[in-house]
Every structure is written in structure tokens, then in C-alpha cells.
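# Provided below for reference: sequence and predicted model.
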Amino acid sequence: MSSLMSSSSSSSSSRPRTWRYSVFSSFHGPDVRKTFLSHLRKQFNTNGISMFDDQGIERGQTIAPELIRAIRESRISIVVLSKNYASSSWCLDELVEIFKCKEDNNQIVMTVFYGGVDPSDVRKQTGDFGKVFKKTCTRKTEEERRKWSQALTDAGDIAGEHFLNWDNESETIEKIARDVSNKLNATIVSNDFEDMVGIEAHLEKMQSLLLLDDEDGVMLVVICGPAGIGKTTIARALYSRLSSTFQLSCFMENLRESCNSGGLDEYGWKLRLQELLLSKILNQNGIKINHLGMMPQRLCDQKVFIILDDVDDLQQLEALANDTNWFGHGSRIIVTTENQELLEQHGINNTYHVDFPPKENARKILCRYAFKQSWAPYGFENLAERATELCSNLPLGLRVMGSMLRGKKEDDWESMLQRLEKSSISKIDALLRVGFDSLHESDQTIFLLIAVFFNYEDDGHVKTMLADSGLDVRLGLKTLAYKSLIHLSTKGEIVMHKLLKQVGIQAIQRQEPRKRQILIDTDNILDALENDFGNRSLMGISFDISTIKDSMDISPRALKRMRNLRFLWIYNSRWDTNVRVHVPEDMDFPPRLKLLHWEEYPGKCLPHTLRPENLVKLYLEESKLKHLWKGTQPLGNLKKLNLNSSYNLEELPDLGNATNLEILDVCKCQSLVEIHSSVGNLHKLEKLKMNYCGKLQVVPSLFNLASLQSVSIAGCYQLRKFPDISATITELKIIDTMLEELTASIRLGSRLEDLYIVGSVIPNEYFLTHPHVARLMLEKSGADIERLPDCIKDLHCLEDLFIIGCPKLVSLPELPRSLTRLVVWNCESLETLVPFPSDSQIFILFFPNCFKLGPEARRVIIQQRSCHQFLPGRDIPAEFTHRAIGKSLTITSNACGGFRMCVIFSPKSEMGVAIDIDLMCRISINGCPKENCIVSLVGGVRSEHLAIFYSEILREYDEVEQYSEILFEFSSSSQDIEIVECGVQILVEETNSEQLLDNDNGSLADESFELDASRVKIIDDLHGSLEFDASRVDTDDDLLGLFAPTFFSFGF
């Protein structure tokens, strides 16, 4: 089950720091050395804890270099604060250095308040302790006094051992040794797991759940997640780290397979399980017991650490960990399982759900196994991306895939990836099939329906679709979630992993054709639709018409015979315009149809035999329809109606009976003149999409639609009047000339978060694929706006503002303080913008193809404390003092903070395609490759542009403590892009602020620059949110999709 990823490559990402000493002790006076400290050292020796010995170092007025080195090379510092500690400037300098190491190197600091010293006196420098300190400060500089005072305050704030609370000094010393040992163990990962990508984050979260400082209670914690996600790996790493701190420990691996009942009854099977556990934990082979009470009796007074791996049956838990009273105080039991139902059955509340790794970690896992390093070599970058995408970030899949491709050439990668993209990897498939095969037959049916029709669909939508199917949908979905075969996203969508979906497809293909409830193979579907073959139990058809060799004629009676058919999904994956499907005018649709998804529907009107009363989703994109149907139809169950790109559609029918309609999409319906007035009364409508309806003139008032969240009306240039819109909307897409018509309800008290303003300049390639839009643009009168209305600043909830193709726009006014992302694309006349306020939340500023930006506007953009900037330019800004011609740069620096990078790139010819461009920076320190930074920028640029982005990678590497040679190598994913020049601006930490390192000798400049770390966190969070399954993305706004909020990703 384990598959988090590993590699022994020494050139991979940085290893955990090696400490020379376990403990450094800071103290003053021979009385402390000869009594307390000598006893503590003896106890440490007994416990195998190394402590620096300062004997032989001559004391002076300043701290010796040997002591500074020893402090820096110790994992833990113990400060013994006696009455005379503050009398020594040497000790106070030690203390300052200790807290500097705590801040810089995450060193652990422990305190002992010895000989009656009160922590409050240390913290405030009062009492006898304070008098001694003030005497030491005599004739010292103000800076020395400040540093010493702060260090004592920090020491006093640490809850340590207090002499006045000791009953027995020897017991206290033993306790200190135990605490030190526990802290050391908690920070050490064995070599077996040190190179595993992402393992440390998992271990930190698990240790917080385990409450290891609570020695009184017994805890049982479950690690759950789908097969191959890394549950066992996390459990093994925890066991490696923590087992030595318990009296007894054992790892019961693969209980699903190893604990087969072997013909025993339930009681005998439980006895065998207990015998196995006792034999392991007591290290005695062949232990036999004769009743189930013996194991609890043997372990009830022992502090144990037990891992129960891959539990899949409640009886396993009942046999091995039925009650926490079976184990002694401080015991911890960890269970790994795919079956989350066990948690509910056993009453377990402490759960750690293992999520899929983020994209950058997934890529690292694959590269570790494929290349024995954390990055793909030159020429393999795109291949590695495809392989990672194929595995959908599943760690097991990444491990198997990487191992299979290791050592192969680029051509071999290409051919193997093409083959694998059409099938599943056998090792992964065998593992994932275990979960499917264990399901009840009805739950298997639900699994298959989700795999084919309902992946990424709303939970409530799926329940509605399957409401009268005879399946227990509520229990089935719960079972699939319990077994980690699906999970519910934060948006309420049911999500099935791509590899699990492939398991479902293969399960259908293994069934006998005449017994299948779902048809997905072309030959079987053609047989059913052309030859009237179709069994009555058939529930769904998913048909890719691009797989048809020639045209086909659907039999008029074919679908009528499939009386149980509920889901009909016909699509064209290749957008092959030569496909011909002929539908008879008198074709009968099955009566129970709930999902009708038919791309390129060839008829001018839906057959009168269609009974839409059961329809929940009607999807007819790119259809040849002129009318849907005649008259008013019963549409009480309809929730989604998509007629996108039905260019011949002349009218919408009366939708007054569609009282549950949530989404209506008529984008690019070029013949549509009016949105039916009934739409203004659809009180459950959430999204209304009308972009680029070139003849649309009338839209009813939408003011009373309380559920409405999103309205898209860009490109509707003949619209007579901007419709009244409910103040509840959060997303609005409009043409630029509509801005002045925004109603007061939108401007004042608005909830608007995303605003897209679209002008007349469209990417060249869009004309090629959407000639109707090109014609529409040519017909536009040229009334492009020259500025945005000042009222835009009143949109106090606005976060994202996209301004696209407004050629006459000259200036931007004051924008809302809430704005986080501003993208202005192809606005060639833009010259000025108002500076952002000091508390601005902006972290994205993109201005591609805005060629007239004035010097002040450029200064505002470049110096804004945001993480990413993108704008025209051919000169590296002055603050990037490290620069080089070409695509690589080497600097010598001791910087250990973050840095900004600037790249100037030029298209080799004018780019007509607005695709994403990935810029990558590979970083090496002292010749050792470390990490890759990747930032995605919109393409379609027509001259030199500069991209500025931020990273904190250098913070992670201890090697940069000394002066180091750091190499930055930049590259692009596009062959049409040439990197002309690059620059780096190092950010180094000094006291509590961040400043800029401007040259190699360490001089500082621009000290006013302070980095807002919260925005860096936003970048990390956003990166995770931008991952999506492209196959499931709606194509309703494909022009605006070019500029959707996926402008960049940022990976380490």
C-alpha cells in the first residue's frame, strides 16, 4: 500500500541536517558544574545522549569561537539559569547565540530555573537576578544590553524545570533526560525515509494527532485514504521515528492478506490474530493463548506502540484493539485502512485522511524513481509532466510509472506513454481492483455509473439522477467513500481518481456483452442503435462518435426498446467534422431518460416523442437545432440546460415549468434574438451564460433571482439594454461598453468577486476556430471604452479583475482594496494606473501586450510588493543587480532567504496563439542541483516581455549558510520563446525585516522593501486550487477560458 516515493540519490533535495552534538549546556559557576550538571551529564551518557564538553576552553571577555560552533552544531540547548548566570557576559552572549540558532535553524531550547531563580525575574530582569544583570550591563553598549535583555526575556518565557518544584533532584534529572530523548526522537527520521517527498509534513500532522506528551491516556488514530496513497509508508516512517520511545512496539503489516481465517470460526480467528500480535510485540515465536482475555492481561501495564496495517474488517479491530484499556498508559495504536466505515463502526474519532500530493510533489516523486533526482533532465520535462498527469498524482502510480521508465530514452518514453494513455498499468490495476471486487453488486453498479457518467458531478445531482434506479444510492455512495473509492470535494463534487475510473472501464469490458448495464464500446453501441439490439436492463450508453469509421443511421425503434435507459451520453472527442449520425424525425426516446448529453445533435428539433419530465440534465452543445420543442413541456426535474454553440437556434422555449433549473447556457447561439421572459422567474437559477450571442437584443430582468451567482453576457453587442441584475451575483462577464450601465445594486453593497471586461481585440487563433465571433467583432462599431468608471472602486468584495482586448483603454482608476489579481491583456493604449494603497492585497499583476505603459505605471507594477508581475519590456529593472545575458546566471552569496527572479523573453515570431508558457528555473548550489521553480504565463505576446516571480527555496538549504555558488538556469516550455536576459534579486533576513542583497559583498539597499509572507502563502494555496481535470471543464466560455484564473502555477 505504501508508495509515497523514495530514492537514495545523494543529489536529490536537501537531507535532514546532521548535528554534531545532541545537547549544548549553557550555565555559570563551578557549583552548577560539579553538582547538577555533572549528574545530568552522567544521566545523558547512560541514555546515549551526547553533550558538548567545554572543559579546556579558556574563559574571556568574549565568547570563544569553539563555543559558537558548538552551539550551532547542537540539536538542543539547555540553559541552566542560576542566580549568578547573568553575571557573565560570556553566558549572556551564549544565550543570544542560542536564540539566534533557534530562530535560524529551528534549534530546540530548554530551560532549568536552578537554585531558587524565579522565571518572572529572568523574564523581567527583576529581583536579585535583575540586580546581577544590571551590574553586568555597566559600561556595555546599548545594543549589547538590548540583545541580552531580549534573550533573557525569551528564556523566561519558556516553560522549563523549576528548582522549587523538585521533590527529588535525581528523578528530575531522569525526567529531563527523558524529555531530551523524546525531543531528539521527534526530530529524527531514519535514513530509510529521509528522501521521501512530503513525508515530513505527514509526520508532523500525525504527531500532533497522537498527543505524545500525554502520558496518561491511550490513543487510537486511523490513517485512511485510497489504495496507493501512501498510508503504509507514513505508518512505517512513524514507527521508525517513535517506536524506540515505547516499552514495547510492533508493526502488524498487511492484515488484509496475512490474517486469512483459514477455515477457523470467528473466535478461533481472533485467537490467531492475538497470538500473532503477542509473538511480534514480545519477540517470542509461537506464543499460544487459550482465551481472548490473555492479550489484554499481558499488555495492560505496558506502554506500547502498535501499527495495524491495512485493516479491512471490523473483527480485526475487535480482536487486536477493541478497548484502549487493554494497553498501558501512554500507549498509541495506529490503524491504516481504506474502509472508513470501520471508523464509524468502532467509534474512532481521531482520523488522518491522506490527500493526494500537490502537483509539484507528484512530479518530484516520479522523477525520483525515473531519474534518481527531483527534477527531469533537459528534454524530458514535458514527458515527465505527461507521465505525472497520467498517474493523477497517485503516489503508487508515480512509483510504478517512474520505475518502468527509468533509464529509457526520449523516444521510448514517448511510445510507452502513448500506449499507457490507452490502458492501465497492471500492478496498479491489480491493487485498485481489490476495492472494487469487494463491493456488493449494487454498489459496483453505482461505482461504474460514476466512472462513466458522474465523475466530478455534484453529490445532490448524482442522487437525483439515480433516485428511481432501484439502487440504494445514499448507502452506496457512503460505502464507496468509506472504502476510499470516491471522495467528496470541498465544492460538494463526487471525485473518482482517474486510475479508479480506468478500473471501472475495464470491469465493464470484462462483462458479457448481453449482460452489460452500461455500453461504452463502439461495436456494441452500433449493434444496439443500428440493429435494434439492446437489452431491457441497459441503464446507460457512453458513445464517442469520432470512433465511427463511416456514417451511421440510428434505427427509429432502437432507443424505445431500451426502456430502462436513463443516461445517454454521445460526444465527439476529436471534434471530427466528418462524423455523420443520422437521426430519424420519428425516433423514439426511452421514457425514463434523465441525462441526455448529445454533442452535435443533427436534428432541427427534438423528436416529439421525447418525454422531458424526467430529464435532469440536457446538454446539446454544437447542435443543429433551430427549436428545442414546441409548446410548454413538463420540466420540473431539469437542473442543467446547455445549448452552447447551437448557431442555428432561433428561440428558447417557455421555461416557466423548469422551476429547479440551476444552469442555463446559450453562449454563441448566434441566431438567438431574445431570452424568453420566463427566465426572469427561475428563482433557483444560479448561472446564466450568454456570451457572444451576436443577435441577442432582449434579456428579461434578473433582479429578483435570489439564487443567481454568475452572469456572462460578453460579446452581446446588439443588446438593447443592460438587464437589471440581482445584487447576489459574485461573477460577471460583460462587454466593456456595458460598464456605465451597471445598476446601483451592483456597485453598492455588491457581492461581486470576479469581473471580466471584454473588448474587441480577440486572439488570432480564435478567429480560425470561431469565424462567427470574428464576424461579430468586425461588425462592432468601435465604441471601445477609454477608461473604467470611477465607481469600480466601490466593489468592495472584488478579488479578480480581468480586462481583455480593450484597445482604446488609456488609464485605470483607483481599484478596490480587496483586489488580489489584476490581469489586463491586449490593451495596447493603456498608459497609467493609480498606485495601490499600502494595505493592498494584490499578488498578481499581469499586463501582456500593454505596450504603452508609462514609466510611472511600470514602476507601480514592478515595485508593488506582489509575488508575480508580467508586462512588456526589454530591460531588467535596476533592483535586479545580479544579471546576465542569456538564460543562466551564477552568483556567490550567503543569502538564506527568498529571492525574486526576472526573465526577459522574446517570441521568435509574432505569437498568434494564447497558450500558457511555462518558465522554469533550475537552481544549483555549489554544483549540486536542488530545485525547480515553474511559473505559467499567458502566451500570445507580440514582443519582448519581462516576468518577475518570487521564491523562498533558499530558506530550505543549510548549505547557503556559508558563501556559496548559486546557479540559476532558465528555460521555457515553448520553442517559440527565446530567453534574452535574466536577473536575480536576493532577499536576506536581518532582524525582524527582510532586506535586499544587492551585490556579492553583502551590502544592502532598498531597505524599505518588506515581503508580505501572507501573500506567499496565498500563492501556495492557490496553486493547489488550480489543479483540475481538463476533460471535465465546461467549454461554455472558451474565449474567456483563455484568460481564466489559471494564469500561473508555482511549484517547488
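Great, that's in hand.
# make it CA atoms for all contacts and neighbour counts henceforth
Noted.
# what's across from Ile108 in the sheet?
Beta-bridge partners recorded for Ile108 (DSSP bridges): Ile76.
# hang on, it packs against Ile98?
No - using C-alpha atoms under 8 Å, Ile108 makes no contact with Ile98, being 9.1 Å away.
# more crowded one of these two?
Ile98 (26 against 20; other C-alpha atoms under 10 Å).
# can you tell me how far that one is from Asp157?
Per C-alpha to C-alpha, to the nearest Å, Ile98 is found 15 Å from Asp157.
# equivalent analysis for Val79, please.
13 Å.
# these two - which one has more neighbours?
Comparing Val79 with Asp157 by other C-alpha under 10 Å, the one with more neighbours is Val79, at 24 against 15.
# surely that one forms part of a strand?
Yes - the assignment for Val79 (DSSP: H, G, I helix; E, B strand; the rest coil) places it in a strand.
# number of nearby residues for Gln418?
What Gln418 shows, counting by other C-alpha under 10 Å, is a neighbour count of 13.
# quick one: what helix or strand has it in it?
helix 410-420 (DSSP states H and E).
# what's the overlap in contacts for Ile108 and Ile98?
Here Ile108 and Ile98 have Ser77 as joint contacts, going by C-alpha atoms under 8 Å, 6 or more residues apart in numbering.
# can you show me the strands along the stretch 51-200 of the chain?
74-81, 108-113, 161-162 (DSSP state E, counting those that start in this stretch).
# among those strands, which is nearest Arg858?
strand 108-113 (45.4 Å; C-alpha to C-alpha).
# and Thr141, how many neighbours?
9.
# kindly report the same for Arg516.
18.
# that one against Leu538, yeah?
Yes - between Arg516 and Leu538 there is a contact at 6.8 Å, judged by C-alpha under 8 Å.
# quick revisit: got the buried residues for the helix holding Gln418?
Neighbour-count burial for helix 410-420, counted by 16 or more other C-alpha atoms under 10 Å, picks out 413-414, 417.
# and this protein, what are its domains?
21-187, 199-353, 359-423, 428-506, 875-988+1016-1024 (the TED database).
# okay if I get those as JSON lines plus mean pLDDT?
Shown next, in JSON lines, are the domains of the chain (pLDDT from 0 to 100):
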{"stretch": "domain 21-187", "mean pLDDT": "86"}
{"stretch": "domain 199-353", "mean pLDDT": "86"}
{"stretch": "domain 359-423", "mean pLDDT": "85"}
{"stretch": "domain 428-506", "mean pLDDT": "86"}
{"stretch": "domain 875-988+1016-1024", "mean pLDDT": "73"}
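# which stretch among the ones you listed comes nearest Ile548?
Comparing these by C-alpha to C-alpha, domain 359-423 comes nearest, at 17.7 Å.
# how far off centre is the closest one?
Relative to the chain's own centre, domain 359-423 is displaced by 19 Å; criterion: C-alpha atoms, centre = their mean, to the nearest Å.
# got it, and stretch 443-454?
Here the centre of stretch 443-454 is set off from its chain's centre by 26 Å, with C-alpha atoms, centre = their mean.
# who's in contact with it?
436, 462, 471, 473, 476-477, 479-480, 494, 496, 500-502, 504-505, 508, 518, 540, 542, 567, 569.
# please repeat the previous calculation with a cut-off of 7 Å.
436, 462, 476, 501, 504 (C-alpha atoms under 7 Å, 6 or more residues apart in numbering).
# poorly predicted segments of the stretch 701-850 of the chain, please.
740, 742-749, 762-783 (pLDDT under 70).
# I misspoke; the intended subject was the stretch 501-650 of the chain.
Short version for the stretch 501-650 of the chain, where the test is pLDDT under 70: 531-535, 575-579.
# how does it look with 80?
530-536, 549-551, 556-558, 560-561, 573-581, 584-586 (pLDDT under 80).
# all helices of it, in order?
With DSSP state H, counting those that start in this stretch as the criterion, the stretch 501-650 of the chain has helices at 522-530.
# out of the contacts of stretch 443-454, which are inside strands?
Nothing among those maps onto strands, per DSSP state E.
# now those as JSON lines including distance to Ser972 and neighbour count?
As requested, the contacts of stretch 443-454 are arranged in JSON lines below (distance: C-alpha to C-alpha, whole Å; neighbours: other C-alpha atoms under 10 Å):
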{"residue": "Phe436", "distance to Ser972": "42", "neighbour count": "21"}
{"residue": "Val462", "distance to Ser972": "42", "neighbour count": "22"}
{"residue": "Gly476", "distance to Ser972": "47", "neighbour count": "19"}
{"residue": "Lys501", "distance to Ser972": "33", "neighbour count": "22"}
{"residue": "Gly504", "distance to Ser972": "38", "neighbour count": "22"}
